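Q: Please work out how this folds:
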Amino acid sequence: MRLQSKSQTSAELAERVRSILGTRNLTLYQVSQKSEAIYGHASPYFLPHNFYYDLKLGTFGPSLYHLFALSRISDYRLADWLQVLGFDLEDIPRLQVLLPLKRTILLDSSLGDPNAWVPWFRNKLGDPFAPPVAPLGQLLDLRHSVRQHSLLEMNKQKSLYAKIGLEDALAFPDLLPGSIVRVDPRGAGNLPAENGKTSEDVFLIEHSKGLCCCRLQVDGRNRILPVTTQLPFAQVELQLHREVRILGTVDLEVRPLIEPNRSKIPKDLAKRWKPGPLAGPEAKLSQLLCRARTRMALSIREASALSRRIADALGDERYFMSPSSLSDYEARNTPPRHFHKVITLCVLYAVPFYTFLNHIDASPRDAGKESIPDRFIPRALPAGFRASSIEPDQPDSKGFLGELLRRCGDSPLFLRRSIGAISGLASPSLHDAFWVGGVRDALHPYLLNAVLVIVDRHKKKPIDSRSKPLWQQSLYVVLKRDSAYLCGCCGMENGTLVLHPQPQRVDAREQFRNHRDAEVVGRIVTIVRRFL
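A: Alright, predicted model coming up:
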């Protein structure tokens with residue numbers, strides 16, 4: 001996300017912008033004249049006649065206003081113009097997944113480039129009936145690429161995605177801090193019919209202190225009570241539509257198990273607090289940023305420290321924001337001059353990028369709608385794919401792959417670059433992911449309704465963790481001599497590999513001669529499971 005790639009000089013960047021405008025039969029002079037006619041000469045949207053000269057200097061970076069004007073006049077997507085400059089909006093949710101955030105946030109899944117090439121799968125087995133547990137590498141191949149929009153068209157519902165915060169996991173341990181959940185907005189009305197009854201569904205709700213996932217109890221007409229599972233959060237009654245909004249029901253969880261965290265309980269959520277009315281839309285950018293930071297429970301200094309982590313992750317000092325600059329943006333209504341800071345603010349405060357645009361009077365509806373041609377934008381094929389391997393923009397959805405897609409539902413494509421951060425694996429592959437959707441009698445509660453797990457194959461020494469709570473127990477994949485796989489807690493007893501079920505399933509305990517009858521494939525570091 002640098003201003004320009006190392007291989008792209010300032011002169012090449014200026015020439016590329018000239019060529020892109022040329023596809024619309026536009027010259028810089030014409031663009032400058034149109035920007036003046038639309039916005040005015042004194043407007044920050046005005047593109048000067050010496051724009052190419054400024055780009056060639058190498059020290060100049062167009063502002064968000066300049067890029068928006070280019071998008072509107074050329075009718076090319078703003079996100080594409082940002083990619084020309086070296087910015088990728090998909091990094092916003094990727095960084096939010098990476099950072100430890102106190103409060104639950106909505107991840108922006110709408111920022112993907114619809115014309116980006118995405119590696120896609122091909123069935124090795126035409127039969128949808130796969131073994132109960134098997135590595136995906138035995139069932140699927142990565143043999144071709146498709147455009148991202150063809151995969152998005154397969155999603156049948158507009159799901160929301162949220163990351164559970166460290167300080168508001170009311171559904172702990174059903175959901176862990178750091179878990180990523182998919183939310184079905186169609187389930188917002190699935191409340192219990194009887195007063196005093198706790199819902200089976202886990203809901204994503206919004207109130208004056210932010211977002212949280214929890215079960216709900218109906219308490220009188222139009223009032224609900226968020227129910228905590230284990231931790232002593234304060235029980236606060238909320239009035240529907242005035243003090244609380246139900247966004248939907250959780251139907252899928254991506255649970256990282258590298259270092260599972262126990263939820264922390266902040267003082268403002270541990271004591272009974274007075275619910276306030278749901279906030280209306282903020283009129284000014286300063287109000288938006290101040291309220292968003294407050295909902296994230298971040299001080300100015302804490303936000304600045306997190307921005308240092310963003311700058312380190314992207315390898316560019318321009319993403320860092322000092323406490324004074326963060327304070328300044330909450331006191332005035334002008335956006336940062338450099339787009340790097342816009343990215344940082346959207347990541348830190350969980351402000352959707354297009355919401356940010358609306359608050360600087362740059363309505364996304366006025367931006368361009370078409371995609372810049374591939375020859376002008378870095379839409380490279382994934383590593384290992386050649387142009388000759390590209391197949392039509394229609395992904396295969398038959399056989400086992402069709403069954404997998406049916407079981408998982410909507411695909412969270414925006415998480416594809418976050419698999420390493422979620423699993424802790426430097427280079428995750430198909431052989432690290434296991435299909436477990438055929439297991440009917442799981443040995444561990446968290447494997448019930450699981451569809452996929454990711455395994456760290458370097459961790460083959462089993463640690464017996466039965467004395468720990470369920471959410472802290474280590475799970476492993478074991479390969480038997482007959483090539484069948486098992487999943488669950490296990491340990492070594494006098495040289496014997498023992499697979500431990502839960503206490504109520506003592507009859508399912510199995511023992512194997514280690515490395516003769518069975519061996520540990522690796523430790524499970526991520527679980528993808530459905531909520532039914």
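
Q: going forward, measure contacts between C-alpha atoms and count neighbours the same way
A: Noted.

Q: Show residues contacting stretch 428-437.
A: Applying C-alpha atoms under 8 Å, 6 or more residues apart in numbering, the contact partners of stretch 428-437 are 132-138, 140, 419-420, 449-457.

Q: what's the answer for stretch 244-257, then?
A: With contacts defined as C-alpha under 8 Å, 6+ apart, stretch 244-257 is touched by 175-176, 178-189, 201-208, 238, 277-278, 408, 422-423, 524-532.

Q: Select only the buried ones of the residues you listed in PyMOL?
A: If you want just the buried ones from these in PyMOL, going by 16 or more other C-alpha atoms under 10 Å, the selection is:
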select buried, resi 175+176+178+179+180+181+182+183+184+185+187+188+201+202+203+204+205+206+207+208+238+278+408+422+423+524+525+526+527+528+529+530+531
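
Q: hey, C-alpha coordinates of stretch 67-84 in CSV?
A: What follows is stretch 67-84 as a C-alpha-only set of coordinates in CSV (Å, rounded to 0.1, in the frame of the first residue of the first chain):
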residue,chain,number,x,y,z
LEU,A,67,-8.9,10.9,-6.8
PHE,A,68,-12.7,11.2,-6.3
ALA,A,69,-12.8,13.9,-9.0
LEU,A,70,-10.8,11.6,-11.3
SER,A,71,-13.3,8.8,-10.6
ARG,A,72,-16.4,10.9,-11.2
ILE,A,73,-15.1,12.5,-14.4
SER,A,74,-13.6,9.3,-15.9
ASP,A,75,-16.5,7.1,-14.7
TYR,A,76,-13.9,4.6,-13.4
ARG,A,77,-14.3,3.2,-9.9
LEU,A,78,-12.6,5.1,-7.1
ALA,A,79,-11.2,1.9,-5.7
ASP,A,80,-9.5,1.3,-9.0
TRP,A,81,-7.9,4.7,-9.0
LEU,A,82,-6.6,4.0,-5.5
GLN,A,83,-5.0,0.7,-6.8
VAL,A,84,-3.3,2.7,-9.5
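
Q: Let me know the average pLDDT across it.
A: Mean per-residue pLDDT for stretch 67-84: 94.

Q: tell me how far that stretch is from the chain's mean position?
A: A distance of 24 Å separates the centroid of the chain from that of stretch 67-84, by C-alpha atoms, centre = their mean, to the nearest Å.

Q: and the residue lying closest to Asp219 once chain neighbours are set aside, how many residues sit next to it?
A: By the measure of C-alpha to C-alpha, 6 or more residues apart in numbering, the closest residue to Asp219 outside its immediate chain neighbours is Asn195, 5.4 Å from it. Residues lying near Asn195 (other C-alpha atoms under 10 Å) number 14.

Q: just Lys158 next, same as before
A: Lys158 has 12 neighbouring residues, counting by other C-alpha under 10 Å.

Q: which residues does Leu285 contact?
A: For Leu285, the contact set (C-alpha under 8 Å, 6+ apart) comprises 330, 332-335, 356, 359-360.

Q: cool, and His41?
A: Residues in contact with His41 (C-alpha under 8 Å, 6+ apart) are Ser35.

Q: can you tell me the helix or strand for it?
A: Under DSSP states H and E, no helix or strand contains His41.

Q: per-residue confidence at Asn115?
A: Looking at Asn115, its pLDDT reads 88.

Q: any idea what sits nearest it, other than its immediate chain neighbours?
A: The shortest distance from Asn115 to any non-neighbouring residue, by C-alpha to C-alpha, 6+ apart, is to Arg147 (5.2 Å).

Q: hang on, Gln138 packs against Phe121?
A: No: applying C-alpha atoms under 8 Å as the test, Gln138 and Phe121 come out as separate, 11.9 Å apart.

Q: List the buried residues for the helix-or-strand element of the chain with minimal mean pLDDT?
A: Using mean pLDDT, DSSP states H and E, the weakest-scoring helix or strand in the chain turns out to be helix 51-57, at a mean of 78. The neighbour-count criterion (16+ other C-alpha under 10 Å) identifies 51-52, 54-56 as the buried residues of helix 51-57.

Q: returning to what we had before: for the residue nearest to Asn115, grab the count of nearby residues.
A: Residues within reach of Arg147, counting by other C-alpha under 10 Å, total 21.

Q: From Asn123, how far off is it?
A: 18 Å (C-alpha to C-alpha, to the nearest Å).

Q: same deal with Phe512?
A: 33 Å.

Q: higher neighbour count, those two?
A: Asn123 (21 against 17).

Q: Now do the more buried one against Gly409, distance only.
A: Counting by C-alpha to C-alpha, the gap from Asn123 to Gly409 is 18 Å.

Q: which residues of the stretch 351-500 of the chain fall in helices?
A: For the stretch 351-500 of the chain, the helices defined by DSSP state H, counting those that start in this stretch cover 353-358, 399-408, 419-423.

Q: Any quick PyMOL command for the buried ones out of the contacts of stretch 428-437?
A: A single PyMOL command is used to select the members of those judged buried by 16+ other C-alpha under 10 Å:
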select buried, resi 133+134+135+136+137+140+419+449+450+451+452+453+454+455+456+457
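
Q: how about low-confidence regions in this structure?
A: Applying pLDDT under 70 to the chain flags residues 1-8, 58-61, 126, 382-397, 503-508.

Q: just the buried residues of helix 51-57 now: which is nearest Pro232?
A: Closest to Pro232 out of the buried residues of helix 51-57 is Leu55 (56.7 Å), distances taken as C-alpha to C-alpha.

Q: The stretch 51-200 of the chain: helices as residue ranges?
A: Taking DSSP H, counting those that start in this stretch, the helices of the stretch 51-200 of the chain run over residues 51-57, 64-74, 78-84, 91-98, 136-139, 148-152.

Q: Would you convert those into a markdown table that also reports distance to Gln30?
A: Below are those laid out as a markdown table (distance: least, C-alpha to C-alpha, whole Å):
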| stretch | distance to Gln30 |
| --- | --- |
| helix 51-57 | 12 |
| helix 64-74 | 10 |
| helix 78-84 | 18 |
| helix 91-98 | 33 |
| helix 136-139 | 54 |
| helix 148-152 | 33 |
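
Q: who wins for proximity to Cys212 among these?
A: helix 91-98 (16.4 Å).

Q: Contacts for that closest one next, please.
A: In this structure, residues lying in contact with helix 91-98 by C-alpha under 8 Å, 6+ apart are 107-109, 163, 178, 310, 343, 346-348, 350, 414-415, 417-418, 421-422.

Q: Going through those residues, which ones are buried?
A: Looks like these have 107-109, 163, 178, 310, 343, 346-348, 350, 414-415, 418, 421-422 buried, using 16+ other C-alpha under 10 Å.

Q: Arg24: which of the residues you listed is nearest?
A: Closest approach to Arg24 among the buried ones among the contacts of helix 91-98 (C-alpha to C-alpha): Ile343, at 28.8 Å.
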